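okay, structure incoming, though there's no sequence with it:
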Ligand SMILES: Cc1cc2nc3c(=O)[nH]c(=O)nc-3n(C[C@H](O)[C@H](O)[C@H](O)COP(=O)(O)O)c2cc1C
């Protein structure tokens, strides 16, 4: 069983990374021999889709594939073959991070054909989980933006299952930063009480998806 986890945050030990690791622990707790790869997108020198349309060219070897070869190409190949794919991003400007979006363009657009009904060319319809972490509380989550990307992911692979961490800690020591809009004590209380629960949800989803993939 092969799990590929994409961390679309620049922070390797941040909230998104911690949710990714919790998910990975859940997979391994079900299946100790499972292969789990966590990819930190910001380690890779790559760009989003260049709109070359080689992936849409009739009778071409590149049809349905990303023709651009760069550092992210091997990751795209492994992601397309995974049994479980996890797509994780912090919320930036009420949307996903730029690097994460660039990765999705390269992953999804080549297999999103212009054939009848926009037929998905993905041969592997793996289970997908999405993970988002954000500063805002649950009621301010940019659900509509996330839902449209997930609709696309669902059309290409399978409808993703989503988990989130809300009201996240952004700095280790709030006293060093100029912050007037949130209550530091309230943040700390939420972080200490709720973040462990959100990590547990990530763990449980990893375990559940591994169990499903084992069937
Ligand atoms: C450039 C930037 C933009 C951000 N924009 C938002 C935002 O629009 N909404 C929000 O809730 N949090 C926003 N945040 C906060 C992060 O989403 C949040 O702290 C997240 O948990 C960080 O994840 P990380 O620890 O994995 O880096 C932003 C942070 C940065 C650095």
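Looks like it arrived, so ask away. Predicted, not measured: the structure shown is a model, and the values here were computed from it.

and the residue in the chain sticking out farthest from the centre, how close does it get to the ligand?
What lies farthest from the middle of the chain is residue 59; by C-alpha atoms, centre = their mean that is 32.1 Å. Here residue 59 is placed at a distance of 43 Å from the ligand (C-beta to the nearest ligand atom, to the nearest Å). In this view, the C-beta of every residue, glycine as well, is placed from N, C-alpha and C.

repeat for residue 20
For residue 20, the distance to the ligand - C-beta to the nearest ligand atom - is 9 Å.

so that residue is in which element?
Under the assignment given by DSSP states H and E, the secondary-structure element containing residue 20 is helix 15-30.

and the helix or strand that that helix is followed by, what's buried?
Scanning forward in sequence from helix 15-30, with DSSP H and E defining helices and strands, the next element found is strand 35-40. Across strand 35-40, burial judged by 16 or more other C-beta atoms under 10 Å covers 36, 38-40.

and for stretch 117-125?
Within stretch 117-125, the residues that qualify as buried by neighbour count (16+ other C-beta under 10 Å) are 120, 122.

now the helices for the protein?
Listed in chain order, the helices found in the chain under DSSP state H are 15-30, 73-81, 98-108, 143-156, 184-214.

from residue 179, how far off is the closest residue to residue 88 other than its chain neighbours?
Excluding the flanking residues, the one nearest residue 88 by C-beta to C-beta, 6 or more residues apart in numbering is residue 131, at 3.8 Å. As for residue 131, its distance to residue 179 is 25 Å (criterion: C-beta to C-beta, to the nearest Å).

run the chain-centre distance for the strand ranked longest in the chain.
Residue-count comparison of every strand in the chain, with assignments taken from DSSP state E, identifies strand 84-92 as the longest. For strand 84-92, the distance from its own C-alpha centre to the chain's C-alpha centre is 2 Å (C-alpha atoms, centre = their mean, to the nearest Å).
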